[in-house]
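Student: Provided below for reference: sequence and predicted model.
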Amino acid sequence: MKKLIRVGTAAAIAALLASCYISLDEGAGAVGIQLPPPQSATGAAIGQTGRIYVINGATLINVGDEAPYAEFDLEPTPGERLTEYSVGPVPAGPGYRVVVVFGSYARAGGRGEFFVPASYALSEEFAVAAGQANETEELTLTDARFAPVDLANTLGRELVGITFVPDANPLDSRLYAATDTRLYEATIPSVDEYGDVTFADDYPVPGGRTINSLSLGADDDGPAVWVNTTRGILVGTDFDGSIMTNSGLAERSILDSGALYRSPVHYGYLQFDGGVSAVQRVPATDTTNWLEPADLSEIVVGRPVYSMDVERGTTATAGYFATKIGAFRLREDILTLDLSTVQQIFASPYTDFFEVEIGGQAATITSVAVVNVVGGDADYLYVGTPRGAMRVEIADIGASPGTDRVQGLLIPQATGQVVKDIVAQGDLIVIVTSHSLLYSMNGSASTPTFTEVPLYASSVGEVTGILVDQTNGIALLSGTGGLVAIQL
């Protein structure tokens, strides 16, 4: 359901800006907006607080006193609703958009009160003229798409990640979230039942460790949560650290990890500050074999691997990696080689490096997501960069001798945005940028269609993790402000 917001005429805005004492100079302008009634399109109350965000490309413009956004009471005087608001000064130039959010503050346990959006509007691009009061095009008020998950336990918590661990018996499947000191567990048959989630159990991480992130890993019985800490990987809620035995990394801070179970072997990887390693675990023989860690600290700092995904085809299986030394594909044949170091992986004949360009210049690939197809091989790979996102054809990777560069289809809504993460499940593609969540339900179409929802219209904060459920069209996002869900 939607309701229109009309921005006032230039004369009305000029009068409004004058009354608010916003000074304009030759290098800046301002924007004024007529505010709609404080209710959703269905007539339900939406709270008494408004926020206005001004964005330009990948930048959030500071228009507030104590925060980058402007926040105000919709009814500063009882019985007198605010009908207009202005922001500025704003540097002159093109490419601006405004996000207007209405909502209210909710109390979450003993952690205090936190803003929960109920409705929002996103403008089209407009230019700000120097020394003038500027008006945008007509805006559309939309009921909020994001909903807090288990508000009492997660709202306002700084979550470092989220993961879902499936089980053959759905009633034993688990959803995990974590702060830097505690692991939270909830029983959930499937992601689409997020509305009934309660994180009834939480576990303090032992030994003075701090949690860096969560990963979907494995134990000897199948999938399991891997808790990446400042002292190794701990598995499950009993925090078993035995996977690190003989790794030489038990006391290292593990930034990220993951595992894939292909009977009878677990294949896992991890990364630490300036390095990576990999492991093969054979439960039947109680054998754990670690590759010699690759110390890349002389050429990279922090996480060497930005992102990875796996192609699970009927005739092809491969891993795709976005790293600080480049993006590459590892074909399944690499498992037939006798490898003892990560450097040997980089130099193998089954490793294909690739790159993309945006605007005629090479763009660093920081996210990868494979569009896997049930009953067939994947055709497409989505990649994210600090300047946007695109879709490339997997057949083009490694197909042209003498060049690593592949062409692709640009995603218009992501152009100029810093892409933080991309997740694909079947034809459902979710792209998280610096400002928005973009999603498509037809990621394999010749021209996929993407819908944009601003992240400022949620309580998630900065996104730290994402789960998707293609069957039910749902995404769960963890962040510095808690856990939220969106029906796509």
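Tutor: Good, I have the coordinates.

Student: what residue ranges in the chain score low on pLDDT?
Tutor: Residue ranges of the chain with pLDDT under 70: 1-26, 36-46, 136-138, 261, 335-336, 338-342.

Student: Could you list the buried residues of the strand ranked longest in the chain?
Tutor: Criterion DSSP state E: the longest strand present in the chain is strand 93-107. The neighbour-count check on strand 93-107 (16 or more other Cβ atoms under 10 Å) flags 96, 97, 98, 99, 100, 101, 102, 103, 104, 106 as buried. (Each C-beta comes from the backbone N, C-alpha and C, glycine too.)

Student: Pairing partners for the helix or strand that that strand is followed by, with directions?
Tutor: Once the chain leaves strand 93-107, the next helix or strand it forms, by DSSP states H and E, is strand 113-122. When pairs are called by DSSP bridges, strand 113-122 turns out to pair with strand 93-107 (antiparallel), strand 139-143 (antiparallel).

Student: Quick one, which of these gets closest to residue 369.
Tutor: Checking the strands paired with strand 113-122 against residue 369 by Cβ to Cβ gives strand 93-107 as the closest, at 25.5 Å.

Student: Now that closest one - C-alpha only, PDB.
Tutor: C-alpha atoms of strand 93-107 as PDB (Å, rounded to 0.1, in the frame of the first residue of the first chain):
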ATOM      1  CA  GLY A  93      25.800  19.000  -7.600                       C
ATOM      2  CA  PRO A  94      23.900  16.200  -9.300                       C
ATOM      3  CA  GLY A  95      23.000  12.600  -8.300                       C
ATOM      4  CA  TYR A  96      21.200  13.300  -5.000                       C
ATOM      5  CA  ARG A  97      18.400  11.100  -3.500                       C
ATOM      6  CA  VAL A  98      16.400  11.600  -0.300                       C
ATOM      7  CA  VAL A  99      15.100   8.800   2.000                       C
ATOM      8  CA  VAL A 100      12.300   9.800   4.400                       C
ATOM      9  CA  VAL A 101      11.600   7.400   7.200                       C
ATOM     10  CA  PHE A 102       8.700   7.500   9.800                       C
ATOM     11  CA  GLY A 103       8.700   5.300  12.900                       C
ATOM     12  CA  SER A 104       8.900   5.100  16.600                       C
ATOM     13  CA  TYR A 105      11.200   4.100  19.400                       C
ATOM     14  CA  ALA A 106      10.800   0.600  20.900                       C
ATOM     15  CA  ARG A 107      12.200  -0.600  24.200                       C
END
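
Student: And the strands in the stretch 351-488 of the chain?
Tutor: Assigned by DSSP state E, counting those that start in this stretch, the stretch 351-488 of the chain shows strands spanning 351-354, 356-358, 361-363, 367-371, 380-385, 388-393, 408-410, 419-425, 428-433, 436-440, 451-454, 463-469, 474-479, 482-487.

Student: brain fart, the stretch 151-300 of the chain
Tutor: Remark: strands assigned in the stretch 151-300 of the chain by DSSP E, counting those that start in this stretch are 161-165, 174-178, 182-187, 201-204, 211-219, 222-229, 232-235, 254-262, 265-272, 275-282, 287-290, 294-295.

Student: quick check: angle from the second one to strand 211-219?
Tutor: Regarding strand 174-178 and strand 211-219, their directions subtend 160 degrees when assessed with axes from the mean of the first three to the mean of the last three Cα atoms, to 10 degrees.

Student: Can you show me the CA trace of strand 174-178 as CSV?
Tutor: What follows is strand 174-178 as a C-alpha-only set of coordinates in CSV (Å, rounded to 0.1, in the frame of the first residue of the first chain):
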residue,chain,number,x,y,z
ARG,A,174,19.1,-24.1,14.2
LEU,A,175,19.4,-20.4,13.6
TYR,A,176,22.5,-18.8,15.1
ALA,A,177,23.4,-15.2,15.7
ALA,A,178,26.3,-13.7,17.7
